[in-house]
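Engineer: need a structure here:
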Amino acid sequence: MLALQTWLQARLSDDTGAAMVEYALLVVLIAIVALVAVGLTGTAVSSTFNNVATHL
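Structural biologist: Residues are numbered from 1 along each chain as shown. This is a model prediction of the structure:
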């Protein structure tokens, strides 16, 4: 019985997978921020290039 309890405690206290999930969430958050930033600045840059092309 003690061996089963020790084995269960070892399995439940292993947090290797938790670190991987945290890294995955960080990567997703960084990707979302990058996409939003590119989307917002892309519109402004496109507008500026159109103005320059019109004046030329």
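
Engineer: okay, CA-based contacts and neighbour counts for the rest of this
Structural biologist: Will do.

Engineer: so residue 43, which state does it fall into?
Structural biologist: Classification of residue 43 using DSSP: H, G, I helix; E, B strand; the rest coil returns helix.

Engineer: from here on, count from 229
Structural biologist: OK, 229 is where the count begins now, so the last one is residue 271.

Engineer: residue ranges with poor pLDDT in this structure?
Structural biologist: Where the chain drops to pLDDT under 70, the residues are 240-246.

Engineer: and the helices in this structure, which stretches?
Structural biologist: With DSSP state H as the criterion, the chain has helices at 230-241, 244-283.

Engineer: want to try JSON lines for those, with mean neighbour count as columns?
Structural biologist: Shown next, in JSON lines, are those (neighbours: other Cα atoms under 10 Å):
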{"stretch": "helix 230-241", "mean neighbour count": "9"}
{"stretch": "helix 244-283", "mean neighbour count": "11"}
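
Engineer: grab the most central residue of this protein for me.
Structural biologist: By Cα atoms, centre = their mean, the chain has its centre lying nearest to residue 256, at 1.9 Å.

Engineer: I am finished for the moment; much appreciated.
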